[in-house]
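Participant: Compute the structure for the input listed below.
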Amino acid sequence: MTGSQLVLPGNIIRKEAWIEAAIRLGIVGALAVAATDAELVVQIIIAGGAAYHLLAIVRLLSPIRPGAASLTLDRTGFTLRLIGRDRRIAWSAVQTIAPQPPRYLQAQREGVLVTLGDGKGPTGLVLIPPIFAPGPHELAIEMGHWRGA
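Facilitator: Numbering: from 1, shown residues only. Take a look at the predicted model:
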């Protein structure tokens, strides 16, 4: 990335993402064991839970496959690619950039929360997940530098 102080290619994964993926894989294994002797309806419910955790693992580890996940910062804005889906945001649409700590009881996920808006007020939110090598705090600072450049 030209001019950036951080390297944000899609092939670097934070250690915490690996740990969360391992824990979720353990949960999927436990669900599979629990489903072996269960009724059909219970197996369907357990399969739904296992599918949820498997999707979360795919999202966490998507930077392994080149091009599946990336974050590109430039003078005009940033592009977030997750699982092959691009989202381009211009700096003019960004109101605030702040790291968001996890609050599991309130269903709040960790990452960098970008508030979008116009002259009338907020219009949307983008949560950049903490899967890239720098942590959310460092990423928020770097995005602030690019936004002000």
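Participant: rest of the way, CA atoms for contacts and neighbours
Facilitator: Noted.
Participant: in what helix or strand does Glu138 lie?
Facilitator: helix 136-148 (DSSP states H and E).
Participant: Identify the residues contacting the residue most central in space within the chain.
Facilitator: What sits nearest the mean C-alpha location of the chain, by CA atoms, centre = their mean, is Pro129, with 2.1 Å. Shown in contact with Pro129 (CA atoms under 8 Å, 6 or more residues apart in numbering): Glu110, Gly111, Val112.
Participant: hmm, try it at 6 Å
Facilitator: Gly111 (CA atoms under 6 Å, 6 or more residues apart in numbering).
Participant: For this protein, name the helix or strand with the lowest mean pLDDT.
Facilitator: strand 69-73 (a mean of 81; mean pLDDT, DSSP states H and E).
Participant: After it, which helix or strand is next?
Facilitator: Immediately after strand 69-73, counting by DSSP H and E, sits strand 77-82.
Participant: what is the rounded mean pLDDT of that following strand?
Facilitator: Average pLDDT, strand 77-82: 86.
Participant: in a strand, that's where Asp37 is, yeah?
Facilitator: No - using DSSP: H, G, I helix; E, B strand; the rest coil, the assignment for Asp37 is coil, not a strand.
Participant: For it, grab phi and psi.
Facilitator: phi -110, psi 20 (degrees, to the nearest 10).
Participant: for the one 10 residues further on, same thing?
Facilitator: Ala47 adopts backbone torsions of phi -60, psi -40, taken as degrees, to the nearest 10.
Participant: so what's it up against?
Facilitator: Counting by CA under 6 Å, 6+ apart, Ala47 has no contacts.
Participant: name the helices or strands packed onto the helix holding Glu138?
Facilitator: strand 94-100 (3 or more CA pairs under 6 Å, 6 or more residues apart in numbering; DSSP states H and E).
Participant: Give me the average confidence score over the helix or strand just after the strand it packs on.
Facilitator: Sequence-wise, the next helix or strand downstream of strand 94-100 (DSSP H and E) is strand 111-118. The pLDDT scores in strand 111-118 average 89.
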